[in-house]
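**Student:** here is my input; please provide its structure:
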Amino acid sequence: MVASRFADLARADFEITSIDEKTLDITDKEAVEKYLTENLFDAVINFAAFTNVDGAEVQKGDESGLVYRLNVEGPRHLAGSCKVKNIFLVHISTDFIFPGTENSPGPYTEDAAIPETSDGIGWYGWTKNRAEKVVRESGVRHAIIRYGYPFRAAEYELKSDWARNLIKLYDEQKLYPLFDDQTQSVIFIDELVAPLTKIIKDEISGIFHIVSSDTTTPYEIGKYLLEKYAGKPVDVQKGSMEEFLKAEGRTPRPRLGGLKTEKTQEILGIKFRTSRAMVDDFVANL
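**Tutor:** Next comes the predicted model:
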């Protein structure tokens, strides 16, 4: 959902080879080595991941399962081969690597230490956490890009996003209460392109947060989105994520999450926009 849009918009700046699991299984170390030997690249961007948060939780603790192999071993193989070939590796990550709890709240800075235990972190978040550690310790020239809650105006049939889901529920009159006690960052995918392009072109190493310049709540940004879409006031009920997470069997996810962007903006010399400005563009381009 994210990579395909980036590829569409970044082709003006790069010669891009988009590969899927049929072309290369990144969980296969030998296959990765062979592919990067036979095909020459200046940079590799790893957008691949198992991102179904609840689906991942079914495999919690299983390092032989697909979630771990794709989210941790895949980056390990890419980092190892890119180091040997001196290829700049860009690894995509998330604020789900942090617990986002009362004891360890966000929004997190680029320099925030990543947890070394999985306390309060779901299996998806923990595998992405370990992937960052693998990439950082590999010795490869790399950049780690964290973002959260991406959404796109360009249609994409294979997967929907939070914004399109919200509009669909509104149109079908099935809208449910939205959390007003969850802190999050969002990213209109089109606005990922300029900062990511600069990082790749200049091969800028480090950890970068590419999201809205502010944080928001699902209720705040959801209500704003629906009212922009409908062109009129929309009645949205408030819900509590704190209460939601108390129910038995819930997957841990950051309630007090989000990402700070000041350092990233300063390094790249790019001013990021607010979540509301991003929604304005999203609605205008639907």
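
**Student:** ok, residue 87 - contacts?
**Tutor:** 36, 41-44, 81, 140-141 (C-beta atoms under 8 Å, 6 or more residues apart in numbering). For the C-beta atoms, the positions are set from N, CA and C on the backbone; glycine is no exception.

**Student:** mind redoing it with 6 Å?
**Tutor:** Residues in contact with residue 87 (C-beta atoms under 6 Å, 6 or more residues apart in numbering) are 41, 44.

**Student:** in terms of pLDDT, where does it sit?
**Tutor:** Looking at residue 87, its pLDDT stands at 98.

**Student:** measure it to residue 239 for me?
**Tutor:** 45 Å (C-beta to C-beta, to the nearest Å).

**Student:** what residues sit buried inside stretch 276-283?
**Tutor:** For stretch 276-283, burial by neighbour count (16 or more other C-beta atoms under 10 Å) applies to 276, 278-280, 282-283.

**Student:** scratch that, stretch 199-218
**Tutor:** 199-200, 207-218.

**Student:** figure out how far that stretch is from the centre of its chain.
**Tutor:** 10 Å (C-alpha atoms, centre = their mean, to the nearest Å).

**Student:** same thing with stretch 105-123?
**Tutor:** 15 Å.

**Student:** could you do stretch 226-238 as well?
**Tutor:** On C-alpha atoms, centre = their mean, the centre of stretch 226-238 falls 26 Å from that of its chain.

**Student:** just stretch 79-88 next, same as before
**Tutor:** For stretch 79-88, the distance to the chain centre is 23 Å (C-alpha atoms, centre = their mean).

**Student:** just the buried positions in that stretch, please.
**Tutor:** In terms of neighbour count (16+ other C-beta under 10 Å), stretch 79-88 has its buried residues at 79-82, 87-88.

**Student:** returning to what we had before: spatially, which two of the buried residues of stretch 199-218 are the most separated?
**Tutor:** Among the buried residues of stretch 199-218, the pair separated by the greatest distance (C-beta to C-beta) is 200 and 217, at 32.3 Å.

**Student:** need the residues that contact the helix or strand hosting residue 201.
**Tutor:** Using DSSP states H and E, residue 201 maps to helix 193-202. For helix 193-202, the surrounding residues in contact (C-beta under 6 Å, 6+ apart) are 6, 9-10, 13, 43, 143, 210, 268, 270.

**Student:** where does the stretch 51-200 of the chain dip in pLDDT?
**Tutor:** Along the stretch 51-200 of the chain, segments meeting pLDDT under 70 are nowhere present.
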